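# predicted model and sequence below, questions to follow.
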Amino acid sequence: MKIVLLGSLPKGDKIRKNWVDWKVDYMNIIQSVIPEATFIHGDTISDNAGAEMVVGHDLAQVKAADICIVDAREKIGAGTAQEIVLAKQFKKPVVIVIPRNSHHRKSNVVFHGVELPEWIHPFLKVSTDYVAESIENAADWIKQYSQKPGDHKIKDISVFEDAINQFNATK
């Protein structure tokens, strides 16, 4: 099983010096549950290769993967968001790690006087197949999926048109 790891990467050598690579923990935890897993990620190309090469590289990895895992413990960037959308175009399962009370997931948040007990960023909730609180939860879901893929409904690009149609139906 080929898994692509999507998430924030440091931009430049100066920032990278003090960076702790989140991908290492993800790979170790997933491999402890799914020993046959192999991993690919966008950190194998440098931005000095040029914009088209970086985008081509990263999207080719999404296309080649069996499953996409997104690290959203902190705020995700533009590239990660677009990779999620393309994963749906390619009909790939997307598992996102968003702990409670983090940037993209809040408890008891109030919008226009209405309290939501659990809020997950709408674009992330709609476009992903499983929202995990931790990489351990994500690894368990992936193991279940790998054993019985037919038991899981995987979203495709139509989720966006469905959302538009649902909105338009309320007008």
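Arrived safely.

# could you tell me how many residues sit around K14?
By other CB atoms under 10 Å, the residues close to K14 number 8. Just so you know, the C-beta spots here come from the backbone N, C-alpha and C atoms, and that holds for glycine as well.

# the most centrally placed residue in the chain in helix, strand or coil?
Closest to where the C-alpha atoms of the chain average out (CA atoms, centre = their mean) is V70, at 2.5 Å. At V70 the chain is in strand, as set by DSSP: H, G, I helix; E, B strand; the rest coil.

# if I look at it, how far off is D129?
For V70, the distance to D129 equals 11 Å [CB to CB, to the nearest Å].

# mutual contacts of these two, please.
Common neighbours of V70 and D129 (criterion: CB atoms under 8 Å, 6 or more residues apart in numbering): 94-95.

# what is the subsequent helix or strand relative to the helix or strand of the chain with the lowest mean pLDDT?
Taking mean pLDDT, DSSP states H and E as the measure, the helix or strand of the chain with the lowest value is helix 13-16, at a mean of 76. Downstream of helix 13-16, the first helix or strand assigned by DSSP states H and E is helix 22-33.

# list the buried residues of the next helix or strand after that next one.
Per DSSP H and E, the first helix or strand lying C-terminal to helix 22-33 is strand 38-41. Neighbour counts over strand 38-41 (16 or more other CB atoms under 10 Å) mark 39-41 as buried.

# ok, W19 - how many residues close by?
Around W19 there are 10 residues (other CB under 10 Å).

# now swap in G150 and tell me
6.

# burial check on A138, number of neighbours?
Neighbour tally, A138, other CB under 10 Å: 25.

# check contacts around G42.
Counting by CB under 8 Å, 6+ apart, G42 has contacts 6, 9, 54, 57-58, 61, 79.

# what about burial for the residues you listed, which qualify?
6, 9, 54, 58, 61, 79.

# which of the buried residues of strand 38-41 lies closest to Y145?
Nearest to Y145 among the buried residues of strand 38-41 is F39, at 16.2 Å by CB to CB.

# separation between that closest one and I30?
8 Å.

# pLDDT weak spots in the chain?
10 (pLDDT under 70).

# okay, the buried ones among the contacts of G42 in JSON lines with secondary structure next?
Converted to JSON lines, the buried ones among the contacts of G42 look like this (three-state DSSP):
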{"residue": "L6", "secondary structure": "strand"}
{"residue": "L9", "secondary structure": "coil"}
{"residue": "V54", "secondary structure": "helix"}
{"residue": "D58", "secondary structure": "helix"}
{"residue": "Q61", "secondary structure": "helix"}
{"residue": "G79", "secondary structure": "helix"}
